[in-house]
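Novice: For reference, the sequence and a predicted model appear below.
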Amino acid sequence: MSDFDYELEDGGVITPMPNIILVHNMEYGEHKTSSGIIIPDDNGKESGIRPRWGTVYAVGKNIDYVKEGDSILVSHGRWSRGIRIKQPDNSYITIRRVDPDDILLVK
């Protein structure tokens, strides 16, 4: 376990503050669209400055325009560094805080 790995106690949950949105599954790395276009792993390079998709992990009580499980497109760089948390199935996911004012699309 590294400094950024956290294990919730049995039955523990993460509850974000009222105006916070937490995401996981941020798109990084090379991937291929359904039409066959290859999008390179260009994070950290000028060409990598673009919005990214993430999946909503949890929302604060004052957020009513997105819900857990929604996919959101976030303006470039408008998310925090990630922290890895251990899930009940012993796998780890990385969650990040996103700036609610910089959500471009919800699907």
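Specialist: Happy to help now that I have it. Numbering: from 1, shown residues only.
Novice: which residues pair with Ile95 across the strands?
Specialist: On the basis of DSSP bridges, Ile95 is bridged to Ile83.
Novice: Quick check: which ranges of the protein have low pLDDT?
Specialist: Residue ranges of the chain with pLDDT under 70: 1-12, 28-33, 37-49.
Novice: What are the boundaries of the strands in it?
Specialist: 5-7, 21-24, 31-32, 38-39, 52-59, 71-74, 83-86, 92-98, 103-106 (DSSP state E).
Novice: buried set for the fifth one?
Specialist: In other words, strand 52-59. Neighbour-count burial for strand 52-59, counted by 16 or more other CB atoms under 10 Å, picks out Arg52, Gly54, Val56, Tyr57, Ala58, Val59. Just so you know, the C-beta spots here come from the backbone N, C-alpha and C atoms, and that holds for glycine as well.
Novice: possible to save those as JSON lines with distance to Glu68?
Specialist: Listed next are those as JSON lines, based on distance: CB to CB, whole Å:
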{"residue": "Arg52", "distance to Glu68": "18"}
{"residue": "Gly54", "distance to Glu68": "12"}
{"residue": "Val56", "distance to Glu68": "5"}
{"residue": "Tyr57", "distance to Glu68": "7"}
{"residue": "Ala58", "distance to Glu68": "6"}
{"residue": "Val59", "distance to Glu68": "7"}
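Novice: residues in contact with Val74?
Specialist: Val74 sits next to Val23, Pro51, Arg52, Trp53, Gly54, Val98, Asp99, Asp102, Ile103, Leu104 when contact means CB atoms under 8 Å, 6 or more residues apart in numbering.
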